[in-house]
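**Student:** Below are the sequence and a predicted model for it; my questions follow.
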Amino acid sequence: MHLLLSTIALRPYVFVFLASFLFISIVTFGLRTSLLFAALTYCVSLACEWCSVHNGFPFGLYHYIEATRGREIWVFGVPFMDSLSFTFLGFASYTVALLLSAPLHRRGADVRLLDTWKIRRAPRVWLMAALFMVMIDWVVDPLSVLGDRWFLGKIFWYDPPGPHFGVPISNYLGWYFAAAITIAIFVLLDAFINRRVERPFGVLPSMPSRALLGPALYVGIAIFGITMLFSIGASEIAWASVFIYLPFAALAIHIVTRADSYGDAAAVERHLADFPGERGLAVWNEHRTPAASPRRRSA
């Protein structure tokens, strides 16, 4: 318990993001799905980190500096908070992929996903989620390498340093590999466990714009990383990160604002067939007029 409290005190920003992930995931997908995602992501990331530290696969060879051992929790030679970070990074990336892949429903400022089990299992969803997770790491890892210049501290070093601001390219390939494998396994297990559950425990169907909460977490993590880079004087890395995200942000805004991204009555029915606990969406059909009906984006 002492080590747990000390870990939280030493890495409060990690646990703020973790708490945000748990809240958003539970109200959107339910408690069971949230625990499944957290446990699976943590176990896979811990295994990958342990293997990388000892064998250089999949992230490349790096070494942890045990300066904080005794002040925070370590698991199999890896700081607990490091592998734990994969949970909220992976979740935020997954929700962005869903937002850009599934038809949407909007009434005023309330935006909902019209996803289905078929869409969640689609390869494009988990492959995009893996890519979005790597994009986050383009900010996070160069910032972590400079940990001695902010409150993270110097906790590891690459052997040898890589060409992307000290980070080897193998690290990003490893992140893509780990994220793609993890999310692919998750979507299969999630469908198997929850397919027949009408309303998972903890889900709040009436919460407005749940579809935007996960992507908002993703944006918050990216802004945190870029802000920290500017604050420690690493403006070159910060501007590189900004320009990485600009075309992606423009594309995402285009997708969520165009008319054919919003589903018709058939898309609502397909969504309700898989997730009957959200029957409140059915009232949407009563307020639609044929002239206002947007085109449906294909699933």
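**Tutor:** Received the coordinates, thanks.
**Student:** Could you look up the SS state of Gly233?
**Tutor:** When classified by DSSP: H, G, I helix; E, B strand; the rest coil, Gly233 comes out as coil.
**Student:** Relative to Arg196, how far out is the nearest residue to it once chain neighbours are set aside?
**Tutor:** Counting by Cβ to Cβ, 6 or more residues apart in numbering, Gly233 lies nearest to Arg149, which is 7.5 Å off, once chain neighbours are set aside. C-beta: built from backbone N, CA, C; applies to glycine. When Cβ to Cβ, to the nearest Å is the yardstick, Arg149 and Arg196 sit 51 Å from each other.
**Student:** Between these two, which is the more surrounded one?
**Tutor:** Neighbours of Arg149 and Arg196, each counted by other Cβ atoms under 10 Å, are more numerous for Arg149; the result is 16 against 6.
**Student:** pretty sure Ser34 contacts Leu22?
**Tutor:** Yes - using Cβ atoms under 8 Å as the test, Ser34 is close enough to Leu22 to be in contact (6.1 Å).
**Student:** show me where pLDDT drops low in the stretch 151-299 of the chain?
**Tutor:** The stretch 151-299 of the chain contains residues with pLDDT under 70 at 279-299.
**Student:** follow-up on the earlier one: compare neighbour counts for Ser34 and Leu22 and give me the winner.
**Tutor:** Residue environment comparison for Ser34 versus Leu22 gives the larger neighbour count to Ser34, 22 against 19, counting by other Cβ under 10 Å.
**Student:** So that one belongs to a strand, correct?
**Tutor:** No - for Ser34, which was evaluated using three-state DSSP, the result is helix, with no strand membership.
**Student:** could you pull out the strands for the stretch 51-200 of the chain?
**Tutor:** With DSSP state E, counting those that start in this stretch as the definition, the stretch 51-200 of the chain shows strands at residue ranges 62-64, 74-75, 78-79, 104-107, 110-113, 156-158.
**Student:** Serialize those strands to JSON lines and add fields for distance to Asn171 and mean neighbour count.
**Tutor:** Shown next, in JSON lines, are the strands of the stretch 51-200 of the chain (distance: least, Cβ to Cβ, whole Å; neighbours: other Cβ atoms under 10 Å):
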{"stretch": "strand 62-64", "distance to Asn171": "8", "mean neighbour count": "17"}
{"stretch": "strand 74-75", "distance to Asn171": "20", "mean neighbour count": "16"}
{"stretch": "strand 78-79", "distance to Asn171": "15", "mean neighbour count": "22"}
{"stretch": "strand 104-107", "distance to Asn171": "34", "mean neighbour count": "17"}
{"stretch": "strand 110-113", "distance to Asn171": "32", "mean neighbour count": "20"}
{"stretch": "strand 156-158", "distance to Asn171": "8", "mean neighbour count": "16"}
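**Student:** and of the ones you listed, who's closest to Ala222?
**Tutor:** Each of the strands of the stretch 51-200 of the chain was checked against Ala222 via Cβ to Cβ, and the shortest separation belongs to strand 110-113, namely 20.0 Å.
**Student:** wait, isn't Thr235 in contact with Thr227?
**Tutor:** For the record, residue 235 is Ser, not Thr. No - taking contacts as Cβ under 8 Å, Ser235 lies outside contact range of Thr227: 11.6 Å.
**Student:** Average pLDDT for the particular helix or strand that has Tyr42 in it, rounded please.
**Tutor:** Assigned by DSSP states H and E, Tyr42 falls within helix 31-55. The average pLDDT within helix 31-55 is 95.
**Student:** Residues in contact with that helix: which ones?
**Tutor:** Judged by Cβ atoms under 8 Å, 6 or more residues apart in numbering, the contacts made with helix 31-55 from elsewhere in the structure are 21-22, 25-26, 29, 57-64, 75-78, 82-84, 86-87, 90-91, 94, 174, 178, 181-182, 185-186, 189-190, 193-194, 197, 200-202.
**Student:** which among those end up buried?
**Tutor:** If you count burial by 16 or more other Cβ atoms under 10 Å, the buried members of the contacts of helix 31-55 come out as 21-22, 25-26, 29, 58-60, 62, 64, 78, 82-84, 86-87, 90-91, 94, 174, 178, 182, 186, 190, 194, 200, 202.
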